[in-house]
Every structure is written in C-alpha cells, then in structure tokens.
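Peer 1: Just need the structure, nothing else, for what follows:
(one chain, ligands or ions: 2)
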Amino acid sequence: MPTPAPTVTLSIVIPMFNEEAVLPLLVERLRPLADGLDTAYEVVAVDDGSSDATPVILERLRREWAQLRIVRLRANAGHQAAISAGLHRARGDYVVTLDADLQDPPEVIAEMLRIAREDHVDVVYGVREDRSTDTAFKRWSAGLFYRSIRRLGAIDAPVDAGDYRLMSRATVDAINSLPEHNRVLRFVVPGLGFPSGSVGYTREVRAAGTSKYPLAKMIRLSVDSVTGFSHAPLRFATWLGLLGGLAALGVLVYAVIARLIGHALPGWTSTVVIVSAVGAVQLLALGILGEYVGRMYAVMQARPTYFIAHDSLDQLDSHR
Ligand code: UDP
Ligand code: MG
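Peer 2: Ligands and ions are numbered 1, 2, ... in the order given. Below you'll find the model as predicted:
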C-alpha cells in the first residue's frame with residue numbers, strides 16, 4: 001500500500017542567494033524550533049541561483065532532515081521572485097516567509113502561528129520594533145521608503161514590516177493567482193484585505209556572510225514598489241501639461257502686450273507662443289496616454305478590486 005502523502009500544516013519558505021556562510025547556523029537554530037512546534041511542517045529552501053556552496057550544503061542537509069525541501073531556481077531571480085517561487089511550491093495550511101540570514105529570529109514563528117490560530121487571522125506580520133542593529137543608512141532609506149510608499153500609493157501597509165510574515169492557505173492561494181510580475185509582496189499582501197495581526201521583534205545582525213541587497217537592488221525594489229502601487233508618475237505628465245498650458249497662456253498675454261507697445265522683435269511673438277503651446281499640448285497628450293497605460297497596467301496586474309468578507313446566502317447554505 002502506498003504511504004499517504006504527509007500532511008503539512010506549516011511551510012517555512014526561505015529564499016537564499018549565496019548563503020553558504022549562514023546555512024549551518026540557520027539550520028542549527030531553526031530545526032529544534034520547528035521540531036518543537038508540535039505541528040507537521042516543511043522547510044522550502046529556495047536556492048535563488050546561488051553560485052557558492054549553497055546547493056551542495058542544502059543537499060547534504062536534506063539527507064538527514066526529511067522536512068527540508070530544496071527548490072532550485074535556474075538563475076538568480078531576486079529576493080521577491082524567489083519568495084514567489086516558494087509560495088507556489090509550499091503545501092502548508094500556513095506559510096511563513098523568512099530570510100536566511102537570521103536577521104528575523106525564527107523563534108517568532110511559534111508566536112505567529114499562535115496568533116493566527118487563536119485570533120483567526122489570515123496574515124500575521126512580523127514588525128521590526130528595534131532596528132538599532134541596522135546601519136544608519138539602511139534605517140534612513142527604509143524610513144524614507146515606507147513613508148513615500150504610504151503617501152504615493154494610499155496603501156495601508158504596516159510600517160517596518162518586511163517579508164517576515166505568516167500567511168494562511170487562502171492568502172497564499174490569492175497571491176499565487178495574481179499574474180503580476182516584479183511585485184513587492186510586502187505591499188501586495190496588505191492590499192489583499194485579509195484579516196491580519198502582527199507581532200513585534202527585534203531585528204538582529206546578519207549571522208554570517210554579507211548582504212545580498214546592494215544599492216542597485218534596493219533602488220530596483222523602490223521603483224517596483226512605487227510603480228506597482230501608484231500611477232502618480234504617469235499622471236505627472238498630465239499635470240506638467242496643464243501647468244505648461246497655463247504658462248503658455250501667460251506667455252501669450254505677455255507677448256501680445258509686448259507687441260502692442262512695440263517692444264517685440266518681428267516674429268518673436270508668434271515663435272514664443274507656438275513653442276510654449278506646442279510643449280504644453282505634447283505633455284498633455286503624453287499624460288492622456290499615461291492614463292490609458294495606467295488602466296491597462298491595472299488590468300494586467302489583475303489584483304482584486306473588492307473583497308467579500310461575508311455573504312449571508314453562503315451562511316444559509318452551510319446551515320443546510
Ligand atoms: N536573496 C535572494 N535573492 C537575491 C538577494 C537576496 O534570495 O537576489 C535572499 C537572501 O539570501 C536573504 C534574503 O533574500 O535570505 C534577504 O537578503 P539580505 O539579507 O542580503 O538583505 P538585507 O537584509 O541586507 O536587506
Ligand atoms: Mg538580511
């Protein structure tokens with residue numbers, strides 16, 4: 001008789017890119033914790049195209065840790081894409097995403113699970129209460145990042161919540177159904193509108209190895225965050241066009257007066273008026289294009305536009 005597929009209640013998804021230095025430390029700390037949870041679990045290690053010994057170490061670890069799964073990406077896809085790959089592969093009723101470098105203490109997982117079960121919430125955010133171990137630059141840039149996104153996107157993402165969070169199966173299925181590329185999950189998840197809770201923790205220093213987030217990747221993440229949630233940059237041309245139109249009108253009045261009182265060179269009036277008017281019209285046209293591009297982009301992202309929390313008809317059905 002075939003052995004039944006093991007039930008997995010909790011999946012721990014860990015993206016890792018060249019994390020050979022930290023892997024042994026991670027396992028040493030995570031494994032006793034996971035084993036002690038009293039819950040069937042799997043660890044989904046997403047090897048994001050590492051070029052160091054990460055895959056070798058993972059294979060070795062898997063031989064003596066049955067709950068460890070390795071999902072290897074062909075090439076480095078980036079932190080967010082690696083998490084997405086892990087979410088697609090995870091089988092648990094609950095899924096936790098966790099960085100490999102032990103900056104987010106795995107001890108918090110037990111608390112997240114408890115909150116999800118007792119408070120019946122779908123998402124439990126890990127919120128960094130104390131970032132004193134981060135560099136001043138990281139804290140400043142992160143502060144600017146979260147504030148700007150809030151202003152631009154009108155999205156209610158918890159400040160200082162990174163990618164350490166627990167999600168229910170329903171949440172993970174919802175994320176998996178979105179076709180959107182280059183998404184920044186920490187802003188997508190709150191936008192899905194599931195009931196949520198949070199647990200605070202102190203961010204620790206990277207246990208070993210160096211950051212895999214150079215400035216270029218941080219900038220990429222910021223651009224993806226803004227463009228993923230806001231059409232403000234597209235609208236910018238519309239506003240510039242309108243302002244340009246007003247300015248062109250002012251120039252027109254000024255040029256006509258200058259002409260009437262004889263201060264203008266022949267040909268100057270028409271040149272100035274035409275140049276400023278054409279500039280304004282072009283910007284306006286760009287802005288209008290931007291509005292349509294924004295609409296197409298929203299359709300492509302295919303995020304739900306509303307969430308039904310409850311329908312009394314369904315309740316009647318379930319009572320039958
Ligand atoms: N990571 C990844 N792919 C990348 C970059 C990073 O999977 O292209 C992983 C990395 O191994 C770590 C997590 O994403 O588990 C967060 O990266 P890191 O700790 O280097 O970022 P920082 O904490 O410095 O912002
Ligand atoms: Mg880190």
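Peer 1: Counting neighbours, what do you get for residue 83?
Peer 2: 25 (other Cβ atoms under 10 Å). For every residue, glycine as well, the C-beta is placed using N, CA and C.
Peer 1: now swap in the one 4 residues further on and tell me
Peer 2: For residue 87, the neighbour count with other Cβ under 10 Å is 21.
Peer 1: And the one 4 residues further on, by the same measure?
Peer 2: Other residues within reach of residue 91, judged by other Cβ under 10 Å, total 17.
Peer 1: any idea which helix or strand carries it?
Peer 2: Assigned by DSSP states H and E, residue 91 belongs to no helix or strand.
Peer 1: so where's the stretch 1-150 of the chain shaky on pLDDT?
Peer 2: Residues of the stretch 1-150 of the chain meeting the criterion pLDDT under 70: 1-6.
Peer 1: Do a quick rundown of the strands in it.
Peer 2: 10-16, 41-47, 68-72, 94-97, 123-130 (DSSP state E, counting those that start in this stretch).
Peer 1: Nearest to residue 168, out of the ones you listed?
Peer 2: Smallest distance to residue 168 across those (Cβ to Cβ): 6.1 Å, for strand 94-97.
Peer 1: picking that back up, need the strands of the stretch 1-150 of the chain in a markdown table (columns: distance to residue 139 and mean neighbour count).
Peer 2: Below are the strands of the stretch 1-150 of the chain laid out as a markdown table (distance: least, Cβ to Cβ, whole Å; neighbours: other Cβ atoms under 10 Å):
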| stretch | distance to residue 139 | mean neighbour count |
| --- | --- | --- |
| strand 10-16 | 23 | 26 |
| strand 41-47 | 27 | 25 |
| strand 68-72 | 32 | 18 |
| strand 94-97 | 22 | 27 |
| strand 123-130 | 10 | 20 |
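Peer 1: Please identify which of those is closest to residue 59.
Peer 2: Per Cβ to Cβ, nearest to residue 59 of these: strand 68-72, 7.0 Å.
Peer 1: near ligand 1, which residues of this protein?
Peer 2: Neighbours of ligand 1 within the chain, by Cβ under 6 Å from any ligand atom: 15-17, 19, 48, 76, 78-79, 82, 99-101, 103, 211-213.
Peer 1: can you name the two of these that are farthest apart?
Peer 2: Comparing every pair within the residues of the chain next to ligand 1 by Cβ to Cβ identifies 76 and 103 as the most remote, at 19.9 Å.
Peer 1: Neighbour count for these two, which is higher?
Peer 2: residue 103 (22 against 16).
Peer 1: Was I right to think that one contacts residue 202?
Peer 2: No. Counting by Cβ atoms under 8 Å, residue 103 stays clear of residue 202, with 9.9 Å between them.
Peer 1: Quick one: buried ones out of the residues of the chain next to ligand 1?
Peer 2: 15-17, 19, 48, 76, 78-79, 82, 99-101, 103, 212 (16 or more other Cβ atoms under 10 Å).
Peer 1: Now distance to ligand 2 too, for those residues, in a markdown table please.
Peer 2: Formatted as a markdown table, these follow (distance: Cβ to the ion, whole Å):
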| residue | distance to ligand 2 |
| --- | --- |
| 15 | 11 |
| 16 | 11 |
| 17 | 11 |
| 19 | 10 |
| 48 | 13 |
| 76 | 16 |
| 78 | 14 |
| 79 | 9 |
| 82 | 13 |
| 99 | 5 |
| 100 | 8 |
| 101 | 4 |
| 103 | 4 |
| 212 | 7 |
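Peer 1: Please convert those residues to TSV, extending it with distance to residue 308.
Peer 2: TSV is the format used below for those (distance: Cβ to Cβ, whole Å):
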residue	distance to residue 308
15	32
16	37
17	38
19	41
48	36
76	39
78	33
79	32
82	32
99	34
100	37
101	39
103	37
212	39
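Peer 1: Filter the residues of the chain next to ligand 1 down to the ones in helices?
Peer 2: 79, 82 (DSSP state H).
Peer 1: of the residues of the chain next to ligand 1, closest to residue 120?
Peer 2: The closest of these, once distances to residue 120 are taken by Cβ to Cβ, is residue 99, at 27.1 Å.
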